[in-house]
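Student: just coords:
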């Protein structure tokens, strides 16, 4: 049984339903990319899986339990989240923000342990943000802020990690570095990772499983070589293209026609 799955899931905002009756099972110990055109329901699905949106119908299950019935602390010990537009308190420093990733593990009295320090140090080093620890978050560039938010999610040190557009604001070098880091975390510690991504070529290169969405529904899912086809790209994105093979990784590359 997959650790994180949804059955008959319907999600929406106010009077608008975005997703109706969707079934999805996240592959354990794999990296999954959710792809699709703007407003297709990618982030809505991720928010539902992370319990940021209450299901209108159906349910999300984590380790066999209904996610809605679990305490926030119990969920946070297992499932980490980087939302699309995270919000931080005014004036917070990088060190304080990344340290907040350790809150679920610190108990009632918030005692700081060697394990907490090691987790934060690893997260800062992995995201190349250790030299920013004393700086206020608001004084950083968009790319630096994004890497700090990723560091906070990594410091939480959970088995499952949900990332909504984690490569936003990052230049191509940092995009590749981040995805290589996720690949390393998956390979070395078996983390299950789900990321909403816009770049199909990066999704195909670094992810094991692709979920393609259109109009609030899953229209295809499977390995990148099976999902990223010229037919699917035209159907989902309205783009005529040719699919070629990456000469380095052997993964599909989308070339606009």
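Tutor: Perfect, thanks for sending it. Keep in mind it's a predicted model, so treat the numbers as computed, not measured.

Student: Nearest the geometric middle of the protein, what residue?
Tutor: Taking C-alpha atoms, centre = their mean, the centroid of the chain lies closest to residue 163, which sits 1.7 Å from it.

Student: And it, how far from residue 256?
Tutor: Remark: distance between residue 163 and residue 256 (C-beta to C-beta, to the nearest Å) = 26 Å. For glycine as for every other residue, the C-beta is placed from the backbone atoms N, C-alpha and C.

Student: cool, and residue 232?
Tutor: 15 Å.

Student: These two: which is more packed in?
Tutor: residue 232 (21 against 8; other C-beta atoms under 10 Å).

Student: check which helix or strand covers that one.
Tutor: In this structure, residue 232 sits in helix 230-237 according to DSSP states H and E.

Student: Which residues does that helix contact?
Tutor: Identification of contacts with helix 230-237 by C-beta atoms under 8 Å, 6 or more residues apart in numbering yields 35-37, 40, 200, 212-214, 219-220, 239-243, 254.

Student: ranges for the helices of the stretch 151-257 of the chain?
Tutor: 172-189, 200-206, 224-227, 230-237 (DSSP state H, counting those that start in this stretch).

Student: Check these for me and report the most buried one.
Tutor: Highest mean neighbour count among the helices of the stretch 151-257 of the chain (mean count of other C-beta atoms under 10 Å): helix 200-206, with a mean of 22.

Student: residue ranges with poor pLDDT in the chain?
Tutor: Applying pLDDT under 70 to the chain picks out residues 107-110.

Student: where exactly do the strands run in this protein?
Tutor: The residue ranges that make up the strands of the chain, judged by DSSP state E, are 4-13, 16-25, 31-36, 57-62, 65-66, 79-82, 160-164, 192-196, 209-214, 217-222, 241-245, 252-256.

Student: Residue 99 is nearest to which of those strands?
Tutor: strand 79-82 (14.5 Å; C-beta to C-beta).

Student: The closest one pairs with which strands, parallel or anti?
Tutor: Counting by DSSP bridges, the strands paired with strand 79-82 are strand 160-164 (parallel).

Student: who touches the partner strand?
Tutor: 3-4, 26, 43, 46-47, 49-50, 62, 78-84, 150, 153-154, 182, 185, 191-196.

Student: For residue 88, give me phi and psi.
Tutor: With angles defined as degrees, to the nearest 10, residue 88 sits at phi -120, psi 150.

Student: Now do the same contact list for the closest residue to it other than its chain neighbours.
Tutor: Among residues not flanking residue 88 along the chain, residue 137 sits closest, at 5.3 Å (C-beta to C-beta, 6 or more residues apart in numbering). Neighbouring residues of residue 137 by C-beta under 8 Å, 6+ apart: 88, 92, 93, 94, 97, 145, 148.
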